[in-house]
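Asker: Give me a 3D structure for the following:
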Amino acid sequence: MAETVAELLQRYGSGERDFSNTHLANANLEGADLSGIDFSGAVLKQAQLAAVNLERAYLRGADLSRADLKGSNLRLATLENAQLQGSQLQGANLRGANLIGADLSGADLRGVDLAGANLTGANLKGATLTQCKLKLANLREAVYDQTTQLEEDVSAAELGMIRA
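Answerer: Below you'll find the predicted structure:
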């Protein structure tokens, strides 16, 4: 488990990829290339992760609540059961990502590429999903409420979403 950002980046640069259960709340990793990293169960609350490359990263059960992930590359990442409440994901690439059971309540997903992403059972209460690419995205049983924002021409019912 890495204790500091500097240690994480040094070990990652040396080829290590397993940083599961790492505690780096409020860490600033902005712009870092962390593709393929294993952050399963990691605590990255309120972390600065804007423009970070997390392609094919493993973030199962990670706590990314209120993290800044604007413009990040999370293509093909595993975010199953991840905590993303109140996170900023504007313009992020989540193409083909696994978000099964993820908690995205109150998250800002404006302009996010969710093409081919799996959000089955995700919590989208209060989330903003305007200007998103939803082609082939699986939103079956994703939970939404009256505060969830979708494009006017997008039908939550047609996507298989469940109103809470």
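Asker: Only C-alpha atoms from now on, for both contacts and neighbour counts.
Answerer: Fine.
Asker: Show me the helices in this protein, by range?
Answerer: For the chain, applying DSSP state H gives helices covering 5-13.
Asker: per-residue pLDDT, the nearest residue to Met1 once chain neighbours are set aside?
Answerer: With sequence-adjacent residues excluded and distances taken as Cα to Cα, 6 or more residues apart in numbering, Met1 is closest to Thr22, at 5.0 Å. Among the per-residue scores, Thr22 holds a pLDDT of 97.
Asker: I'd say Thr22 and Ala2 touch.
Answerer: Yes - the criterion here is Cα atoms under 8 Å, and Thr22 meets it with Ala2 at 6.0 Å.
Asker: separation between Asp153 and Ala42?
Answerer: Asp153 is 37 Å from Ala42, where distance means Cα to Cα, to the nearest Å.
Asker: which one of these two has more residues nearby?
Answerer: Higher neighbour count among Asp153 and Ala42: Ala42, with 22 against 6, using other Cα atoms under 10 Å.
Asker: Next, the contact list for that one, please.
Answerer: Phe19, Ser20, Asn21, Thr22, His23, Leu24, Leu59, Gly61, Ala62, Asp63 (Cα atoms under 8 Å, 6 or more residues apart in numbering).
Asker: Just among these, which is most surrounded?
Answerer: Using other Cα under 10 Å as the neighbour criterion, Leu59 leads the contacts of Ala42 with 29 neighbours.
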